[in-house]
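Peer 1: return a 3D structure for these sequence lines:
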Amino acid sequence: MENIEIKNYWNDLDLRLESLVKDGVVKLPSIKIFNLEKITNEISNEMGSLTFKELCFSHKNFLNKLQIDKYLSPKLLYLAKNMFNYDGDITNQYHIARKVYSGNSKEIFRAHFDSHLFTLVLPLKIPLSQDLGKSGELVYFPNIRVAPKNEIVNIIQKIYYKRYASKKGIDKLSSLKDSFVENFENYQPILFMGKTTLHTNYPVLSNNHSFRLTLLAHFFDNSPKYGVGSFLRLLRRR
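Peer 2: The predicted structure follows:
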């Protein structure tokens with residue numbers, strides 16, 4: 001992929017980031033400009049049977065091709081410093097690949113907020129289904145809370161919203177608050193405010209004949225060093 005094509009991919013980023021600030025979420029252009037099948041196979045082979053793997057070689061190579069650190073990260077850092085008084089540096093990022101096979105009951109309806117200010121979901125392989133809610137679709141509630149002022153409030157609110165971590169809970173919350181379902185059929189990444197967007201996934205049911213692979217990019221955790229987000233990431237790395 002020529003650098004000029006990548007530059008064109010990001011050419012309206014400022015406008016999209018305005019929508020992110022206003023609405024709490026925005027879509028980016030489709031990444032079907034890449035050979036997603038090849039990229040998926042490379043990352044999946046490195047992951048093996050793992051559900052999560054942090055920034056393997058093929059994953060990092062794809063982010064470099066997309067030039068995330070050149071075009072997106074600096075602009076998100078500017079927003080973080082000016083909107084959230086973030087005083088960290090640009091390297092405070094967490095990149096992880098998520099592969100879900102059909103029938104994986106552990107990766108459904110795990111409604112949560114992220115500890116990082118911004119979250120980018122890059123869809124690489126999406127099993128499409130004619131029936132809504134059967135191929136691991138992303139369900140999200142933008143701006144359902146304001147950014148917590150401290151870690152105690154953050155923990156209390158996270159515990160409160162865990163009551164909705166089930167199909168029944170998500171259905172109930174969707175009847176009360178604005179929610180959206182994304183199946184990524186056009187392979188457009190979604191960028192959202194991680195701390196204020198409650199999000200989860202529908203199940204990948206057994207009638208889907210392929211796994212679901214997404215790359216999750218988290219930018220700038222402004223929580224305390226020993227906050228809940230840091231603790232959960234430590235457990236995942238074990």
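Peer 1: quick check: pLDDT value at residue 107.
Peer 2: Looking at residue 107, its pLDDT reads 89.
Peer 1: setting aside sequence neighbours, what's the nearest residue to it?
Peer 2: Among residues not flanking residue 107 along the chain, residue 100 sits closest, at 4.9 Å (C-beta to C-beta, 6 or more residues apart in numbering). All C-beta spots, glycine's among them, are computed from the backbone N, C-alpha and C.
Peer 1: am I right that the one you found is in contact with residue 138?
Peer 2: No. Look at residue 100 against residue 138 with C-beta atoms under 8 Å: they stay out of range, at 11.7 Å.
Peer 1: quick one, which of those two is more surrounded?
Peer 2: Between residue 100 and residue 138, residue 100 has the larger neighbour count (other C-beta atoms under 10 Å), namely 22 against 19.
Peer 1: gap between that one and residue 159?
Peer 2: 25 Å (C-beta to C-beta, to the nearest Å).
Peer 1: repeat for residue 128
Peer 2: The separation that residue 128 has from residue 159, given C-beta to C-beta, amounts to 35 Å.
Peer 1: can you say which helix or strand has the residue nearest to the spatial centre of the chain in it?
Peer 2: Nearest residue to the geometric centre of the chain (C-alpha atoms, centre = their mean): residue 121, 3.6 Å. In this structure, residue 121 sits in strand 116-125 according to DSSP states H and E.
Peer 1: now do residue 168
Peer 2: When elements are assigned from DSSP H and E, residue 168 belongs to helix 167-176.
Peer 1: CA atoms only: put that helix into PDB for me.
Peer 2: C-alpha atoms of helix 167-176 as PDB (Å, rounded to 0.1, in the frame of the first residue of the first chain):
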ATOM      1  CA  LYS A 167     -29.100 -10.400  27.200                       C
ATOM      2  CA  LYS A 168     -32.000  -9.500  29.400                       C
ATOM      3  CA  GLY A 169     -30.000  -6.600  30.900                       C
ATOM      4  CA  ILE A 170     -28.900  -5.300  27.500                       C
ATOM      5  CA  ASP A 171     -32.500  -5.500  26.200                       C
ATOM      6  CA  LYS A 172     -33.700  -3.600  29.300                       C
ATOM      7  CA  LEU A 173     -31.100  -0.900  29.000                       C
ATOM      8  CA  SER A 174     -31.700  -0.500  25.300                       C
ATOM      9  CA  SER A 175     -35.300   0.300  26.100                       C
ATOM     10  CA  LEU A 176     -34.200   3.100  28.400                       C
END
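Peer 1: skip ahead from that helix and say which helix or strand is next.
Peer 2: Next helix or strand after helix 167-176 toward the C-terminus (DSSP H and E): strand 180-182.
Peer 1: what's in contact with that following strand?
Peer 2: Residues from elsewhere that reach strand 180-182 (C-beta atoms under 8 Å, 6 or more residues apart in numbering): 25, 132, 133, 137, 138, 139, 140, 141, 142, 190, 202.
Peer 1: among those, which one lies nearest to residue 59?
Peer 2: Nearest to residue 59, judged by C-beta to C-beta, of the contacts of strand 180-182 is residue 190 at 17.9 Å.
Peer 1: phi and psi next, for the closest one.
Peer 2: Main-chain torsions, residue 190, degrees, to the nearest 10: phi -120, psi 130.
Peer 1: what sits closest to it if chain neighbours are left out?
Peer 2: Residue 190 sits nearest to residue 121 (C-beta to C-beta, 6+ apart), 4.8 Å away.
Peer 1: all helices of the chain, in order?
Peer 2: Ranges of helices in the chain, per DSSP state H, are 3-9, 13-23, 36-47, 57-66, 68-71, 73-83, 151-161, 167-176, 228-237.
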